[in-house]
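S.K.: sequence below, structure please.
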Amino acid sequence: MQIIRTLDELNENLKSVWENDNELLAYVPTMGALHSGHISLVKKAQEIAQKTIVSIFVNPLQFSPSEDFSNYPRTYEEDIVKLLATGADFLYYPDFDQAYIESIQKVKASEELSACLCGASRPGHFDGVCTIVNHFFELIKPDFAVFGEKDYQQLKILEDMLLRQQSIIELVPGKIFREESGLAMSSRNNYLSDEEKLLAANIYRLLSEEKKSFEDSSLESNSEMIDGTLMNIRKKLMQLGFDVDYVDFKWSRIFVAVKVGSTRLIDNIEINV
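M.R.: Modelled structure (predicted):
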């Protein structure tokens, strides 16, 4: 695996891939602190393209001043070992300084798609995501980009961004990867104590129970049923001691965001309606 730090190194290493019509390039953007969910995205990338590039960059533009940018887990050496085991072709670990980051052309997320869920709770977050992802797309020029469905709202917003740009990059979703307990894998799980992890496992348990109850109902799905399901989930989460940000239904999925201690966790589950 070639580790790339600078723009010159990036251009030098990818030039032959860009010029080879028989080689497709798949890109997996990450913020590091890699876990099995990230690795599953790398494997998906390898299934659809001859060459795979992974980036590690903790994006300051998607953090508000009150969020955890400075404390976000950074496990670079461990990440390299995990990526080497996958057989990924390139790791792009850029050395952007603050002046460079501030010079990047800003890209706005869809107001409609970012007005709800995490966008409502984290103003400007998805503008920061779109700005950096768009910049990496311009630098790397991939044929495919693989993103996990845990951040499903992000997936929809980036799909919209590419559509508006009439981009030829194909966005490929990867399924949510879970710990044995059902807890959705996240770099932020590193913040959780063992006791908090046990509590956090209830998020997926409740989502699964309500999904089954909802889909097994003989009644035709309607807004009243959906509202009742969301209220049940919120009530049960609060009873367990979660600080609930939202429980909502969009895109045929139930979305949840909560805090366990000071750690913010998100999850979602698809509902067949």
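
S.K.: contact partners for Leu91?
M.R.: By C-beta atoms under 8 Å, 6 or more residues apart in numbering, the residues touching Leu91 are Met1, Gln2, Ile3, Ile4, Ile53, Val54, Ser55, Ile56, Ile80, Leu83. For the C-beta atoms, the positions are set from N, CA and C on the backbone; glycine is no exception.

S.K.: for the fourth one, which residues are in contact?
M.R.: Residues in contact with Ile4, defined by C-beta under 8 Å, 6+ apart, are Leu10, Asn13, Phe90, Leu91, Tyr92, Tyr93, Pro94.

S.K.: neighbour-wise, which one of those residues leads?
M.R.: Neighbour counts for those, by other C-beta atoms under 10 Å, peak at Tyr92, which reaches 24 neighbours.

S.K.: residues in contact with that one?
M.R.: By C-beta under 8 Å, 6+ apart, the neighbours of Tyr92 are Ile4, Leu10, Ile53, Val54, Ser55, Ile56, Phe136, Ile140.

S.K.: export those to a markdown table and tack on secondary structure?
M.R.: Putting those into a markdown table (DSSP: H, G, I helix; E, B strand; the rest coil) gives the following:
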| residue | secondary structure |
| --- | --- |
| Ile4 | strand |
| Leu10 | helix |
| Ile53 | strand |
| Val54 | strand |
| Ser55 | strand |
| Ile56 | strand |
| Phe136 | helix |
| Ile140 | helix |
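
S.K.: how about those residues in CSV, adding distance to Asn268 and pLDDT?
M.R.: Converted to CSV, these look like this (distance: C-beta to C-beta, whole Å; pLDDT from 0 to 100):
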residue, distance to Asn268, pLDDT
Ile4, 33, 98
Leu10, 33, 98
Ile53, 27, 98
Val54, 24, 98
Ser55, 24, 98
Ile56, 25, 98
Phe136, 24, 98
Ile140, 28, 98
